[in-house]
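Chemist: any chance you can model this:
(one chain, ligands or ions: 1)
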Amino acid sequence: MDPKHNRKPFVGGNLKMNGSRAMLKEIIDRLNPLKFDDYVEVAIAPPSIFLDLAHRSVRKGVNVAAQNAFNCTKGAYTGEVSPEQLKDLGIDWVILGHSERREIFKESDELVASKVGHALKSNMKVIACIGEKLEERESEKTEEVVIRQLQAIAVKVDDWKNVVIAYEPVWAIGTGKVATPQQAQDVHLIIRDWLAKNISEKIAQDTRIIYGGSVKGTNSQELAKQLDVDGFLVGGASLTEDFIKIIECFIPSEN
Ligand code: PGA
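Modeler: Predicted coordinates for the structure are as follows:
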């Protein structure tokens, strides 16, 4: 049997702090007509000010994700947004632990983990990001770093069905320097093996592990063929028509 049979591919588009209402409309106008629902789950993550507009503009079957959420329900946390507020808007998904949050906004493993825990308790689905920096890869610390980040998150997860793990090597994000299919596969397998040993074999087989970092229409096919690559988190290319090509690599060609 196809070892990927349990796992529906997942493609997320992380718009980061880019775009305008007009640009978002263009992105959604490209996505809405695409018939991908039987083959791949898709989410777009616009800046928070556009979440409501995105939610109202997408067709059923296109998910909208926030790029961040805090670890409290409400209160004096200027500038933050809670999972409960996102749910109130109808937003079901959130990206947490993105390397830009970890690096620029100094989010620790513990803070990321507590955000994951709170979002899951609020019935949100989480795209949890992990990944090593260039110097960590060069000093052969990739496994140590990725597992440390994963372990912190895992402590807070009761129900893995609401979690997608995004492996995003920091050196590949926004650099045009994509991981080779083998490099991605190697780390995805390390993550899956860890889940099998520390959580359960079933959860390891069912949990989607997606790759992020300079994914484009030209490299997505080869990456998607890897046994443990279950989709992508796409930054720059999610702003362009290339995003459709990336989704299409999971749709059988006769469609
Ligand atoms: P990129 O970003 O595709 O522009 O490299 C990926 C990400 O940050 O999720």
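
Chemist: C-alpha from now on. contacts and neighbour counts both.
Modeler: Fine.

Chemist: quick check: residues of the stretch 1-150 of the chain near the ligand?
Modeler: Within the stretch 1-150 of the chain, the positions near the ligand by Cα under 6 Å from any ligand atom are Asn14.

Chemist: let's go with 5 Å and repeat that
Modeler: By Cα under 5 Å from any ligand atom, no part of the stretch 1-150 of the chain sits against the ligand.

Chemist: could you pull out the helices for the stretch 1-150 of the chain?
Modeler: Ranges of helices in the stretch 1-150 of the chain, per DSSP state H, counting those that start in this stretch, are 21-31, 51-57, 83-89, 99-104, 109-121, 134-138, 142-154.

Chemist: which residues touch the last one?
Modeler: Which is helix 142-154. Helix 142-154 has contacts (Cα atoms under 8 Å, 6 or more residues apart in numbering) with 109-110, 112-114, 116-117, 128, 130-132, 136, 187, 190-191, 194.

Chemist: tell me the buried residues within the residues you listed.
Modeler: 109, 112-114, 116-117, 128, 130-132, 136, 187, 191, 194 (16 or more other Cα atoms under 10 Å).

Chemist: how about those residues, which pair is most distant?
Modeler: Pairwise distances across those (Cα to Cα) peak at 26.6 Å, for the pair Gly117 and Glu136.

Chemist: list the buried residues for stretch 62-79?
Modeler: For stretch 62-79, by 16+ other Cα under 10 Å, it's 62-72.

Chemist: and if you look at stretch 235-255?
Modeler: So for stretch 235-255, counting by 16+ other Cα under 10 Å, buried means 235-239, 242-251.

Chemist: what about it, distance to the chain center?
Modeler: 16 Å (Cα atoms, centre = their mean, to the nearest Å).

Chemist: that stretch - what's its average pLDDT?
Modeler: What stretch 235-255 shows for mean pLDDT is 93.

Chemist: touching it from outside, list them.
Modeler: 9, 11, 13-16, 19, 27, 30-31, 36, 39-40, 42, 173-174, 212-217, 220-221, 224, 234.

Chemist: helix, strand, or coil at Phe250?
Modeler: coil (DSSP: H, G, I helix; E, B strand; the rest coil).

Chemist: quick check: it vs the ligand, distance?
Modeler: Distance of Phe250 to the ligand, computed by Cα to the nearest ligand atom, to the nearest Å: 18 Å.

Chemist: for the longest helix along the chain, list every residue counted as buried.
Modeler: Across the chain, the longest stretch assigned as helix under DSSP state H is helix 181-198. Using 16+ other Cα under 10 Å as the test for burial, helix 181-198 gives 181, 184-189, 191-195.

Chemist: what does stretch 4-19 give?
Modeler: Quick answer for stretch 4-19 (16+ other Cα under 10 Å): 4, 7-16.

Chemist: render the CA-only coordinates of that stretch in CSV, please.
Modeler: Provided in CSV are the C-alpha atoms of stretch 4-19 (Å, rounded to 0.1, in the frame of the first residue of the first chain):
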residue,chain,number,x,y,z
LYS,A,4,1.4,8.1,2.2
HIS,A,5,-2.2,6.8,1.9
ASN,A,6,-3.3,8.1,5.3
ARG,A,7,-2.0,11.6,4.7
LYS,A,8,-3.8,14.1,2.5
PRO,A,9,-1.2,16.5,1.1
PHE,A,10,-1.3,20.0,2.6
VAL,A,11,-0.2,23.2,0.9
GLY,A,12,-0.1,26.5,2.8
GLY,A,13,0.6,29.9,1.4
ASN,A,14,2.2,32.2,3.9
LEU,A,15,1.8,35.7,2.5
LYS,A,16,3.9,37.2,5.4
MET,A,17,3.6,41.0,5.7
ASN,A,18,2.9,41.3,2.0
GLY,A,19,0.0,42.4,-0.2
